[in-house]
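*Asks:* Give me a 3D structure for the following:
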Amino acid sequence: MSVKTTVNISGMHCGHCVASVIEELREVEGVGSVDVALNKDGVSVATVTSATELDPERIDAAIAEAGYSVVAGG
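*Replies:* Model prediction:
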């Protein structure tokens with residue numbers, strides 16, 4: 001069984017932004033895959049697939065490490 005975690009992210013504007021977020025999220029223990037839907041003019045959405053529930057603080061920290069902010073409600 002896999003768990004999908006969706007995170008809303010602000011500040012992303014290009015493919016390099018997407019690559020940075022994916023790289024940081026893949027380093028979080030337990031992450032299987034990451035898909036990011038870029039929205040240059042608003043909130044982008046990352047979908048993280050894992051075998052078990054992930055610690056939201058670790059996800060938020062990875063996104064912050066990439067230089068972006070998590071938007072509440074994601």
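*Asks:* so what's the most centrally placed residue in the chain bridging to?
*Replies:* Closest residue to the average C-alpha location of the chain: residue 46 at 4.2 Å, with Cα atoms, centre = their mean. Taking DSSP bridges, one obtains residue 7, residue 36 as the residues bridged to residue 46.
*Asks:* Surely it is in contact with residue 63?
*Replies:* Yes - Residue 46 sits in contact with residue 63 when judged by Cβ atoms under 8 Å, with a separation of 7.5 Å. Yep, even glycine has a C-beta here, placed from its N, CA and C like the rest.
*Asks:* shared neighbours of those two, anything?
*Replies:* 7, 9, 21, 25 (Cβ atoms under 8 Å, 6 or more residues apart in numbering).
*Asks:* what's the helix or strand where the third one lies packed up against?
*Replies:* Residue 21 is part of helix 15-26 when elements are defined by DSSP states H and E. Other elements packing on helix 15-26 under the criterion 3 or more Cβ pairs under 8 Å, 6 or more residues apart in numbering; DSSP states H and E are strand 31-37, strand 44-50, helix 56-66.
*Asks:* Adding distance to residue 13 and mean pLDDT as columns, could you present these in a markdown table?
*Replies:* Below are those laid out as a markdown table (distance: least, Cβ to Cβ, whole Å; pLDDT from 0 to 100):
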| stretch | distance to residue 13 | mean pLDDT |
| --- | --- | --- |
| strand 31-37 | 12 | 97 |
| strand 44-50 | 9 | 97 |
| helix 56-66 | 13 | 96 |
